[in-house]
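Visitor: Structure here, sequence nowhere to be found:
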């Protein structure tokens, strides 16, 4: 019986030991290289080096490892086409049924202080995205896993049924293409900002990641969710804020709170901003935020009901006690004193 192969090449080693052991128990041989190969061997798991499979050594300091026809023909061959399988047999190539791969940490590299361009460039993964795209393209026959949280369910299904269901292979392929698309978009946007003066590119691709689903959308019968651009930008935004107490925010809560935070950032002196339906209805500056709140509220004493208020100083217990008398959906501030909570 022809051996079953799985390529395992990951930067994030979370869960990979258990995953590899599960695949071995299901009858797979593991093909790996570089750091993943060393890691698995240290855990007592036998692996086939990619260079042994291809008959070609790693080169260029590891830049070229899996970029070889033996690897990609094994992944891309359509098992249902006789000519594809004959081509593999003619070249002595074994099909590869599982690919587990995640990529060099490009986003994490960008967060390092004073990171050099050379360091950034070396963290642009080439072989990994190519493996992922090949496996995702051939989802009819190949299982691709880019998310470590998926390892257990994939192994369990293989052990039970011998294969991963088509439905799950499709879902995993979509995840894989999303994974690579996000990766490439972050790279392109970063290099454009760092190396060119182009402000308005012909093609602008912005990757977003899900933060939370909202209780409902703009109206109660609609659905909604909150996404943020990656890599995450530091600064005072509602997306970067931490919820200290209360129910989950609705779509409109977030829109109003975002408007309030954008507005409050315009002021350096103690200030209060009240927003209702994405419209500021009371803004005031004063010697302290308590007085700023009083003045902002006097601007419109009706609209604050069910609204959002933002401050640019800490909310203390005195101000918190006053705010508790009103029905406010959200209160946003840089910090809250212990007694105010």
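Guide: Everything's here; your move. What you are looking at is a predicted structure, and each value in this text was computed from that prediction instead of being measured.
Visitor: Now do the strands in the chain.
Guide: Taking DSSP state E as the criterion, the chain carries its strands at 4-9, 28-32, 48-49, 96-101, 143-145, 208-213, 225-229, 271-276, 279-285, 307-311, 328-332.
Visitor: would you turn these into a markdown table with mean neighbour count?
Guide: Where you see a C-beta, it was placed from the backbone N, CA and C, and this is true even at glycine. Listed next are the strands of the chain as a markdown table, based on neighbours: other C-beta atoms under 10 Å:
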| stretch | mean neighbour count |
| --- | --- |
| strand 4-9 | 23 |
| strand 28-32 | 22 |
| strand 48-49 | 16 |
| strand 96-101 | 26 |
| strand 143-145 | 26 |
| strand 208-213 | 12 |
| strand 225-229 | 15 |
| strand 271-276 | 26 |
| strand 279-285 | 18 |
| strand 307-311 | 26 |
| strand 328-332 | 19 |
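Visitor: Just put those strands in CSV and tack on mean pLDDT and distance to residue 113.
Guide: Converted to CSV, those look like this (pLDDT from 0 to 100; distance: least, C-beta to C-beta, whole Å):
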stretch, mean pLDDT, distance to residue 113
strand 4-9, 91, 29
strand 28-32, 90, 33
strand 48-49, 86, 36
strand 96-101, 92, 29
strand 143-145, 94, 33
strand 208-213, 86, 23
strand 225-229, 86, 21
strand 271-276, 91, 31
strand 279-285, 89, 34
strand 307-311, 90, 30
strand 328-332, 88, 29
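Visitor: Redo these as TSV? Include distance to residue 80.
Guide: What follows is those, written out as TSV (distance: least, C-beta to C-beta, whole Å):
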stretch	distance to residue 80
strand 4-9	17
strand 28-32	21
strand 48-49	26
strand 96-101	14
strand 143-145	16
strand 208-213	35
strand 225-229	38
strand 271-276	58
strand 279-285	59
strand 307-311	57
strand 328-332	55
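Visitor: if I look at residue 237, how far off is residue 211?
Guide: Distance of residue 237 to residue 211, given as C-beta to C-beta, to the nearest Å: 11 Å.
Visitor: Check residue 156 too.
Guide: 29 Å.
Visitor: if we can go back for a sec, list the residues that contact both of residue 237 and residue 211?
Guide: Shared contacts of residue 237 and residue 211 (C-beta atoms under 8 Å, 6 or more residues apart in numbering): none.
Visitor: which residue sits closest to residue 337, ignoring its sequence neighbours?
Guide: Once flanking residues are discounted, residue 337 sits nearest to residue 316: 4.9 Å by C-beta to C-beta, 6 or more residues apart in numbering.
Visitor: does that neighbour really touch residue 335, like I thought?
Guide: No. Between residue 316 and residue 335 there is no contact under C-beta atoms under 8 Å: 9.9 Å.
Visitor: okay, these two: which has more neighbours?
Guide: Comparing residue 316 with residue 335 by neighbour count (other C-beta atoms under 10 Å), the higher total belongs to residue 316, at 18 against 11.
Visitor: Contact partners for the more buried one?
Guide: Contacts of residue 316 were listed using C-beta under 8 Å, 6+ apart, and they are 290, 337, 339, 340.
Visitor: Sort out which of the residues you listed are buried, if you could.
Guide: Using 16 or more other C-beta atoms under 10 Å as the burial test, the contacts of residue 316 include 290, 340 as buried.
Visitor: In CSV: the contacts of residue 316, plus pLDDT and distance to residue 60.
Guide: Listed next are the contacts of residue 316 as CSV, based on pLDDT from 0 to 100; distance: C-beta to C-beta, whole Å:
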residue, pLDDT, distance to residue 60
290, 89, 64
337, 85, 57
339, 79, 61
340, 78, 58
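Visitor: Between all of the contacts of residue 316, which two are separated the most?
Guide: Taking C-beta to C-beta, the two most distant members of the contacts of residue 316 are 290 and 339; they sit 14.2 Å apart.
Visitor: May I have the beta-bridge partners of the most centrally placed residue in the chain?
Guide: Closest residue to the average C-alpha location of the chain: residue 209 at 5.3 Å, with C-alpha atoms, centre = their mean. On the basis of DSSP bridges, residue 209 is bridged to residue 228.
Visitor: how about it, what does it touch?
Guide: Residues near residue 209 by C-beta under 8 Å, 6+ apart: 182, 227, 228, 230.
Visitor: cool, residue 76 as well?
Guide: 134, 137, 138.
Visitor: how about a cut-off of 6 Å?
Guide: Residues near residue 76 by C-beta atoms under 6 Å, 6 or more residues apart in numbering: 134, 138.
Visitor: now it: how far from residue 183?
Guide: 20 Å.
Visitor: again with residue 328
Guide: As judged by C-beta to C-beta, residue 328 and residue 183 stand 41 Å apart.
Visitor: Residue 55: neighbour count?
Guide: 9.
Visitor: Show me where the stretch 1-150 of the chain dips below the pLDDT cut-off.
Guide: For the stretch 1-150 of the chain, the stretches flagged by pLDDT under 70 are 1-2.
Visitor: quick one on the thing from earlier: of the strands of the chain, which is nearest residue 253?
Guide: With C-beta to C-beta as the criterion, residue 253 lies closest to strand 328-332 of these, at 5.3 Å.
Visitor: What strands line up against the closest one, and which way round?
Guide: strand 307-311 (parallel).
Visitor: From residue 239, how far out is the nearest residue to residue 226 once chain neighbours are set aside?
Guide: Spatial nearest neighbour of residue 226, chain neighbours left out: residue 211 (4.5 Å); criterion: C-beta to C-beta, 6+ apart. Distance of residue 211 to residue 239, computed by C-beta to C-beta: 6 Å.
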